[in-house]
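Colleague: next input, structure requested:
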Amino acid sequence: MFRPRLLPLSSSSRCRTYATRRPEKPPARFPDPLKNNSNTVATTLQDDHNLTFIYRPPPSVPSPHSTTLDPASPLLKPQPSLSNGSGGRLPPLLRPSSYKPQPERVSREVIEKIRELRLSEPRTYSRTKLAKMFNCTPNFISKIAALRRPQRKQFTGELEAKHAAVRERWGERKATVVAIRQKRREFW
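Modeller: Here you go, the predicted model:
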C-alpha cells in the first residue's frame, strides 16, 4: 500500500494566516415604536417598576360616518342570528341539496294509493312516474311499494335482454375494451 510521504514543516507554515472567525454585524437595535412616538403617553406604576402602561391615540381621526352604534365596516356590523334555539349562528350547509325544502309528509291514504297503482300496473306506473305524480322521491316509492321478488327478477331479466341486444351490435374493438375494463374491475 502506498503511504504519502510527510514533509518536514517549516516555521512559516506552523502559524495560521487566516481569520479565526467570520466578521459579524452586531444585532440591530431598533427603537421601540411604542415609546418613540411623539403622541405616546407612558405611565409606570409606583408600586411595580416593571409594569408600564402605554397609550397611543389612533393614527387617524375618527370618522363621523362610522360609530359603534352604526359601523361603516360590514365586519363590525352585528350579524342577524338564525332562530335555531341556541341563539348562536349556524354554519353554512354543506350540500346544495340541503337548501331544498323537505317534501311534505305523505298521508296514509296516498301511500295506499301508491301501493295499489304500483302493484296493479308496474310497467305503466314506474317509480319515477309515481314519484312525479305524488311529488316524492323514487327511493321513497321503492321503499313503500316494493315489487315482489318474481316481478323484480322478471324486470331485471328483461332489462338484461335489452342490454344483450345492444351488446350484440357492438364491434369487436368495443367488446374487447369493455371486457378488459370488467376484468380490471375484478382486481379492485
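Colleague: for the rest of this, base every contact and every neighbour count on C-alpha atoms.
Modeller: Noted.
Colleague: how far does the strand or helix carrying residue 167 sit from the chain's center?
Modeller: Counting by DSSP states H and E, the element that carries residue 167 is helix 149-168. Its chain's C-alpha centre lies 41 Å from the corresponding centre of helix 149-168 when counted by C-alpha atoms, centre = their mean, to the nearest Å.
Colleague: pLDDT on whichever helix or strand comes after it, on average?
Modeller: For helix 149-168, the succeeding helix or strand toward the C-terminus, using DSSP H and E, is helix 172-186. The pLDDT scores in helix 172-186 average 94.
Colleague: what sits up against helix 172-186?
Modeller: Helix 172-186 has contacts (C-alpha atoms under 8 Å, 6 or more residues apart in numbering) with residue 167.
Colleague: in the chain, which spans are helices?
Modeller: Secondary structure of the chain (DSSP state H): helices at 108-120, 127-134, 138-144, 149-168, 172-186.
Colleague: tell me what the first one is packed against?
Modeller: It refers to helix 108-120. Applying 3 or more C-alpha pairs under 8 Å, 6 or more residues apart in numbering; DSSP states H and E, we find helix 108-120 packed against helix 127-134, helix 138-144.
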